[in-house]
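Mind folding the following:
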Amino acid sequence: MQYTATYLSPLGKILLAADDIGLTGLWFDGEKFYAKNLAPEHEEKEVPVFGEVKHWLDLYFSGTNPGFMPPIHMIGSTFQLSVWNILKQIPYCETTTYGEIAKQIAASRGKERMSAQAVGGAVGHNEISIIIPCHRVVGRNGSLTGYAGGVDKKVRLLTLEGVNMSDLFVPTRGTAL
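Here you go, the predicted model:
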């Protein structure tokens, strides 16, 4: 059974979803893949994991590194899970590129190369945004493209964390805006 709750953030309303294992989803209202994998049969109910997640979010939105990971339950393909596990390791206030993640995946699989675009697809389908920090992934040239919650939210999240934005930019054209 999945459960849902709402969190009111400074960036707008967030839908939380969880099962008996942990948090399964965290989506901004109107985001690209909003509640894509939420079970049709779910119940709005304040389960214990939501208390931990809301505490984490309170700390985060106050400009503090929460310093802990609430219980999460990532549901995806083997490739997606490998990408999301790398995302979880990007330090607070730091960024990495899709290409760097692709290199890590390739190395872990004994391959010479991995597609940065494939990594981008997995990053974009991350169901637990913010906590699994997909907003910390940028283009190789500093482009702030590809955030399902919207590039404006990506900019605000990075700014909140104190990321040095001097070499980053919002693209004016492209398919991943």
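
So which residues of the chain form strands?
2-9, 12-18, 23-28, 42-44, 96-97, 137-138 (DSSP state E).

could these go into TSV alongside mean neighbour count, distance to Pro70 and mean pLDDT?
The C-beta positions use only the backbone N, C-alpha and C, and glycine is treated the same way. Formatted as TSV, the strands of the chain follow (neighbours: other Cβ atoms under 10 Å; distance: least, Cβ to Cβ, whole Å; pLDDT from 0 to 100):
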stretch	mean neighbour count	distance to Pro70	mean pLDDT
strand 2-9	16	12	97
strand 12-18	20	9	96
strand 23-28	24	6	95
strand 42-44	12	19	88
strand 96-97	17	22	96
strand 137-138	25	21	96
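
Looking at those strands, which is nearest to Ser62?
strand 2-9 (11.2 Å; Cβ to Cβ).

who's in contact with that closest one?
13-19, 24, 28, 38-39, 41-47, 50, 53-54, 57, 61 (Cβ atoms under 8 Å, 6 or more residues apart in numbering).

Send me it as CSV with only the CA atoms.
Taking C-alpha atoms only, strand 2-9 is exported to CSV below (Å, rounded to 0.1, in the frame of the first residue of the first chain):
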residue,chain,number,x,y,z
GLN,A,2,1.2,3.5,-0.8
TYR,A,3,0.4,6.5,1.3
THR,A,4,0.6,10.2,0.4
ALA,A,5,0.9,13.5,2.2
THR,A,6,1.6,17.1,1.3
TYR,A,7,4.4,19.4,2.2
LEU,A,8,4.2,23.2,1.7
SER,A,9,7.7,24.3,0.7
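
Show me what the lowest-mean-pLDDT helix or strand in the chain is packed up against.
Lowest mean confidence among the helices and strands of the chain (mean pLDDT, DSSP states H and E): strand 42-44, at a mean of 88. Secondary-structure packing of strand 42-44 (3 or more Cβ pairs under 8 Å, 6 or more residues apart in numbering; DSSP states H and E): strand 2-9.

The strand it packs on versus strand 12-18: what angle between them?
Strand 2-9 runs at 160 degrees relative to strand 12-18, counting by axes from the mean of the first three to the mean of the last three Cα atoms, to 10 degrees.

in the chain, which residue is closest to the centre?
Centroid-nearest residue in the chain, with Cα atoms, centre = their mean: Ser129, separated by 2.7 Å.

show me what contacts that residue?
Contacts of Ser129 by Cβ under 8 Å, 6+ apart are Leu26, Trp27, Phe28, Glu31, His135, Ala148, Gly149.

Isn't the second one up against Gly12?
Looking back up the chat, that one is Trp27. No. Between Trp27 and Gly12 there is no contact, the gap being 10.5 Å when judged by Cβ atoms under 8 Å.

tally of neighbours for the closest residue in space to Ile90 that isn't next to it in sequence?
Nearest non-adjacent residue to Ile90, counting by Cβ to Cβ, 6 or more residues apart in numbering: Arg136, 4.5 Å away. Neighbour count of Arg136, defined by other Cβ atoms under 10 Å: 20.
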